[in-house]
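Asker: Model the following, please.
(one chain, ligands or ions: 2)
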Amino acid sequence: MTNYLPLAKTLRPKLIAWRRDFHQHPELGFQEYRTADIVARHLNTLGMEVSTGVGKTGVVGIIEGSAPGPVVLLRFDMDALPITEATGLPFASEYDGRMHACGHDGHTAIGMGVAELLALTRQSWRGTVKLLFQPAEEGLGGAKATIQDGVLENPTPSAAFALHLWNQFPLGKLVVQPGPLMAAADHFSITIMGHGGHGAVPEDTVDALLVGAQAVSALHHIISRNISPHDTAVLSIGRFHAGGAFNVIAEQAYLEGTLRTFAPSVRDRLIQRMAETLEGVAAAYGARAFLEIKDHEFTPAVINDETMAAIAYQAATRVIPEKHIERIRPIMVSEDMAEILNRVPGCYILLGAEPEGGAKGPHHNPRFDIHEDALPLAAAIMATIATEYLQKEGTEPPPSTSL
Ligand SMILES: [Zn+2]
Ligand SMILES: [Zn+2]
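Answerer: Residues are numbered from 1 along each chain as shown. Ligands and ions are numbered 1, 2, ... in the order given. The predicted structure is shown next:
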């Protein structure tokens, strides 16, 4: 088997140049035209079979090894966030309100590096690697869009892997574990209809703002009173709009929030109790409340397949010392790689990328940054996982012959 780490280290200057270029020119979800173009050109120069416009702005590259075998999918996300960068880096975003604040600039560069590693070594591995450069991971449904465009067909992968750089972990720490890793995420909204009126004449009104305040308080009791302490769930309300003037009682209140869960039964129970609670609170004040769960925005939980996690772990030990591979408690953020892992067994892994001197901001923060030494490490890890999977999966026991 190829030792990909030294090879990946020779690509370090390229990986950094790609990453900085993407960082300087971030593009929001489903608008990654420039990024996709650079990716597609690179894959073309490597002689890969390239499709563009997959899930609107995604790119898929297919590369075959020296002999036929199974198909593995590697996924890299490309989108930036609507954040104005405040890192002061020489290659900071050129645009207000657009920033690679989650490390997807690094992921895109890593994917291009993996493509090059696989092309350089294609004589040494068998099977097919499908590289997906996915658009719109940040809550916009990019994974679903590429699935609808057939990324899991022609050829159909039998395994899927992805990696996220994580600047909250020290450089080189790797998380590879079976089972739940990231939570399912829901987006909900609540509209409360009261009866507005003069601030001096409350007796003729139904104060939607007050009902909203009671609803916020009541909803926060659901997890502590209706969900077992052995289950994990988060309910957070991030928006509350009501009222327009100091002396007017609000007719309407509008709230939005997110739910994070792992077990579908916990999610169902939460949603049911939210509806009942809102109805009860609104009725107590003579108002009406409408709960909307935005199902089309739902992201399932990231659950790693046991066998695939074991393969990824084994492969990773060829790149990272075993003592740096750890397990963590599942985290409550979500990832739409879950859409792919729901359909293809696979494993999602996290690689520590804390910048020198410590992170000045976490993911999705205007001061977010990564350690660029993580780029060659990640490329080596992903190339090793892909080729080891193909090797293992391709080694069928010989057919038994009857005597
Ligand atoms: Zn993110
Ligand atoms: Zn991300």
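Asker: Using the three-state scheme, assign Ile191.
Answerer: That one is not Ile; residue 191 is Thr. With DSSP: H, G, I helix; E, B strand; the rest coil as the basis, Thr191 sits in strand.
Asker: Could you pull up the residues touching it?
Answerer: Taking Cβ atoms under 8 Å, 6 or more residues apart in numbering as the criterion, Thr191 is in contact with 252-254, 289-290, 292. (Glycine included, C-beta is placed from N, CA and C.)
Asker: just Ala338 next, same as before
Answerer: Ala338 neighbours (Cβ under 8 Å, 6+ apart): 143, 182, 184, 299-303.
Asker: so how far is Lys144 from it?
Answerer: With distances taken as Cβ to Cβ, to the nearest Å, Ala338 is found 10 Å from Lys144.
Asker: Filter the contacts of Thr191 down to just the buried residues.
Answerer: Buried members of the contacts of Thr191, scored by 16 or more other Cβ atoms under 10 Å, are 252-253, 289.
Asker: Would you convert those into a markdown table that also reports distance to Met332 and pLDDT?
Answerer: Listed next are these as a markdown table, based on distance: Cβ to Cβ, whole Å; pLDDT from 0 to 100:
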| residue | distance to Met332 | pLDDT |
| --- | --- | --- |
| Gln252 | 31 | 98 |
| Ala253 | 26 | 98 |
| Ala289 | 26 | 98 |
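Asker: Format those as JSON lines; extra columns: distance to Tyr95 and secondary structure.
Answerer: Listed next are the buried ones among the contacts of Thr191 as JSON lines, based on distance: Cβ to Cβ, whole Å; DSSP: H, G, I helix; E, B strand; the rest coil:
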{"residue": "Gln252", "distance to Tyr95": "35", "secondary structure": "strand"}
{"residue": "Ala253", "distance to Tyr95": "35", "secondary structure": "strand"}
{"residue": "Ala289", "distance to Tyr95": "39", "secondary structure": "strand"}
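Asker: List the residues that contact the most centrally placed residue in the chain.
Answerer: The centroid of the chain falls nearest to Glu335 when counting by Cα atoms, centre = their mean (2.7 Å). Each residue near Glu335 by Cβ under 8 Å, 6+ apart is listed here: 137, 164, 182, 299, 302, 348.
Asker: Let's see which of those end up in strands.
Answerer: Judged by DSSP state E, strands contain the following of those: 164, 182, 302, 348.
Asker: Who wins on neighbours among those?
Answerer: Val302 (29 neighbours; other Cβ atoms under 10 Å).
Asker: residues in contact with stretch 30-42?
Answerer: For stretch 30-42, the external contacting residues (Cβ under 8 Å, 6+ apart) are 18, 21-22, 25, 27, 50, 52, 56-59, 61, 78-79, 108, 111-112, 115-116, 133, 135-136, 140, 142, 145.
Asker: got the CA positions of it in PDB?
Answerer: C-alpha atoms of stretch 30-42 as PDB (Å, rounded to 0.1, in the frame of the first residue of the first chain):
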ATOM      1  CA  PHE A  30     -25.200  27.300  -4.800                       C
ATOM      2  CA  GLN A  31     -23.100  30.200  -6.100                       C
ATOM      3  CA  GLU A  32     -19.800  28.400  -6.100                       C
ATOM      4  CA  TYR A  33     -19.200  29.000  -9.800                       C
ATOM      5  CA  ARG A  34     -15.600  30.200  -9.600                       C
ATOM      6  CA  THR A  35     -14.600  27.500  -7.100                       C
ATOM      7  CA  ALA A  36     -16.300  24.800  -9.200                       C
ATOM      8  CA  ASP A  37     -14.500  26.000 -12.300                       C
ATOM      9  CA  ILE A  38     -11.100  25.800 -10.700                       C
ATOM     10  CA  VAL A  39     -11.900  22.300  -9.300                       C
ATOM     11  CA  ALA A  40     -13.200  21.000 -12.600                       C
ATOM     12  CA  ARG A  41     -10.100  22.300 -14.500                       C
ATOM     13  CA  HIS A  42      -7.800  20.600 -12.100                       C
END
